[in-house]
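**Q** Any chance you can model this:
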Amino acid sequence: MTDLATVLIVDDEKHTRDGLRLSLEDDFDCYVASNAAEAMEMLKNDPIDVMLTDLRLGEDDGMKLLEQALALPKPPVCIMMTAYGSVDTAVEAMRRGAYHFVTKPLNLDEVELLVKRALRSRHLEHENKALKQQVEQKFSIEGILGKADALKPILETIQQVAPTRATVLIEGESGTGKELVARAVHNLSGRPKAKIITVHCAALSPQILESELFGHEKGSFTGAQEKRIGRFELADGGTLFLDEIGEVDASTQVKLLRALGEQTIERVGGSKPIKVDVRVVAATNKDLAKMVEEGKFREDLYWRLRVVTIQMPPLRTRKADIPILAEHFLKELSAANGKTFKALGEDALPALMNYDWPGNVRELRAAIEHGIVMCNTSRVMAKHLPAYLSQPGGLGLRIPATPSAKTTGSPEEPAKAPLDIHEMEKQLIMAALGRAGNNRSEAAELLNMSRRSLQRKLKDMGMVRKHRKRPKTRDA
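**A** Here you go, the predicted structure:
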């Protein structure tokens, strides 16, 4: 095995092939080919670092060979040679991916120097690719992207807890990526080939949830026409992810406590204990500790669930991750929507950074997809993103809550009712008009609607200016 870089010389003239080989073989491991078919055979069978090929190869086309070589999984660096050199030919070769272009008669010293430069370029490219992979691995685990300080301890905890059997409780606001963390814990565990079964507890009534979790026997309740296997049994040997665990009713909490403590369940309507081997990961956007204090959640179940706790930070506290997430969503959703955007426009990222994202990562993903869908230019700009991002404070999900008696100015002061959707829309329109200096065309653009639609809404809200008639004047 040689440690020398490999060079393939492709030319239909024997003296050119031999001359180049003799000139380069002291420093490189040289191969020669007289036509395109012979060259492609070598490229497919041997790792070639640099290919020197003539533009005209008898009946073959060197430009076509260039395209075929660059399409290989591990393409060589390609340098074109020709006696018919011209600026147009050079530009075309470079456009198709050639590293450089030389004309005949060849200066052998120049060719040798060019090959060495090509190899250095290839080496730097490989180094940059390796560094990029290291950065991506450092700042992501199983699809969890980010480099903010708030995320680092979470990634470390996932790696530490994943190989164990410990129950994990993931807390955080809606849209922060709790299910992604649950899947990372499963995938990095010793059970990656086993199933991870998800149950969205808030979406099911108490009776249906109990049946979903533990299964039921035939005839155990009205409508139970056949035996049903529950999620605990389906997840046997794997992971059960209980999303929105704070929504589970009291009776189901008791059964969950037994399942966690004894790894044993009973189907609804059954009396036979069933052993299961399940690792439970739970998530909630509620304050379970407060619910325990209020008697709304069992304390013993709470401690069973939170052997290890992972607190997901809201996106507003990890804004350094917004560019990384935005770029990831842009690539992912561009492909999904049949578009090819590679980067955001220069004014789009500041718009994303200046917003607080009450809907967190989920809202950011939706905003990027909105921009992709609405964009008909080469880059997604701020104007293509949802209009509320450019409003003072944004719109998001910030619906004012009803103040309690403790927070009102005086005991006699009545609590204010929450704004309805029409009042919110009115306030948003007024904010846009203020930002646009009462220019309705600019305000409509900020709101991502037509001027006619804005005019109609203003009319419906009684906000259209009435024009006073000018008084008639007598002729002098």
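**Q** Nearest spatial neighbour of Ala118, chain-adjacent residues omitted?
**A** Val77 (4.3 Å; C-beta to C-beta, 6 or more residues apart in numbering). For glycine as for every other residue, the C-beta is placed from the backbone atoms N, C-alpha and C.
**Q** List the contacts of that neighbour.
**A** 49-51, 99, 118-119, 121-122 (C-beta atoms under 8 Å, 6 or more residues apart in numbering).
**Q** please redo it, this time with the cut-off set to 7 Å
**A** Going by C-beta atoms under 7 Å, 6 or more residues apart in numbering, Val77 touches 49-50, 99, 118, 121-122.
**Q** Give me the subset of these lying in strands.
**A** Val50 (DSSP state E).
**Q** Of all the helices and strands in this structure, which has the lowest average confidence?
**A** strand 140-141 (a mean of 56; mean pLDDT, DSSP states H and E).
**Q** Where does Val199 sit, in terms of helix or strand?
**A** strand 196-200 (DSSP states H and E).
**Q** could you pull out the helices for the stretch 251-400 of the chain?
**A** For the stretch 251-400 of the chain, helices defined by DSSP state H, counting those that start in this stretch occupy the ranges 288-293, 299-305, 322-336, 348-353, 360-374.
**Q** which of the ones you listed sits most buried?
**A** Comparing these by mean neighbour count (mean count of other C-beta atoms under 10 Å), helix 360-374 ranks first with a mean of 20.
**Q** name the helices or strands packed onto that helix?
**A** Applying 3 or more C-beta pairs under 7 Å, 6 or more residues apart in numbering; DSSP states H and E, one finds that helix 360-374 makes contact with helix 322-336.
**Q** Quick check: mean pLDDT of the helix it packs on?
**A** The pLDDT scores in helix 322-336 average 90.
**Q** which helices and strands sit right next to that helix?
**A** Partner elements for helix 322-336 (3+ C-beta pairs under 7 Å, 6+ apart): strand 144-145, helix 348-353, helix 360-374.
**Q** so which of those comes closest to Thr176?
**A** helix 360-374 (4.7 Å; C-beta to C-beta).
**Q** Tell me which residues are up against the closest one.
**A** 173-177, 314-315, 322, 325-326, 329-330, 333-334, 337, 339, 341, 348, 357, 380, 384-386, 389, 396.
**Q** List the buried residues of stretch 110-129.
**A** Buried residues in stretch 110-129, counted by 16 or more other C-beta atoms under 10 Å: 111-112, 114-115, 118-119, 122.
**Q** Looking at these, which is nearest Leu352?
**A** Arg122 (36.1 Å).
**Q** dump the residue contacts of that closest one.
**A** Arg122 neighbours (C-beta under 7 Å, 6+ apart): 49, 77.
**Q** Starting from Lys342, give me the distance back to it.
**A** 23 Å (C-beta to C-beta, to the nearest Å).
**Q** likewise Gln253?
**A** Applying C-beta to C-beta to Gln253 and Lys342 gives a distance of 49 Å.
**Q** repeat for Tyr388
**A** For Tyr388 relative to Lys342 (C-beta to C-beta), the value is 26 Å.
**Q** Asp460 now?
**A** In terms of C-beta to C-beta, Asp460 sits 42 Å off from Lys342.
**Q** got it, and Asn187?
**A** 28 Å.
**Q** Specify the local secondary structure of Leu169.
**A** strand (DSSP: H, G, I helix; E, B strand; the rest coil).
**Q** Check the spacing between Asp61 and Gly177 real quick.
**A** Distance from Asp61 to Gly177, by C-beta to C-beta: 51 Å.
**Q** And for Leu108?
**A** Leu108 is 59 Å from Gly177, by C-beta to C-beta.
**Q** and the two? which has more neighbours close in?
**A** The neighbour comparison of Leu108 against Gly177 (other C-beta atoms under 10 Å) goes to Gly177, with 25 against 13.
**Q** you'd agree the more buried one is up against Met312?
**A** Yes. Assessed by C-beta atoms under 7 Å, Gly177 is found in contact with Met312 at 6.2 Å.
**Q** give the contact list for the closest residue to Ile368 other than its chain neighbours.
**A** Spatial nearest neighbour of Ile368, excluding adjacent residues (C-beta to C-beta, 6+ apart): Phe329 at 4.1 Å. Neighbouring residues of Phe329 by C-beta under 7 Å, 6+ apart: 364-365, 368.
**Q** what number of residues lie near Ser205?
**A** Neighbour number of Ser205 under other C-beta under 10 Å is 9.
**Q** Tell me the pLDDT of it.
**A** For Ser205, pLDDT reads 87.
**Q** Give me the phi and psi angles of it.
**A** Ser205 adopts backbone torsions of phi -70, psi 160, taken as degrees, to the nearest 10.
**Q** List of residues touching stretch 95-110?
**A** 23, 63, 66-67, 70, 77-83, 85, 90, 93-94, 111, 114, 118, 121.
**Q** which of the residues you listed count as buried?
**A** 23, 63, 66, 77-82, 90, 93, 111, 114, 118.
**Q** and of the contacts of Phe329, the nearest to Leu55?
**A** Ile368 (44.3 Å).
**Q** any idea how far that closest one lies from Asp347?
**A** Ile368 is 15 Å from Asp347, by C-beta to C-beta.
**Q** Centre of the chain to stretch 102-119, how far?
**A** Offset of stretch 102-119 from its chain centre (C-alpha atoms, centre = their mean, to the nearest Å): 44 Å.
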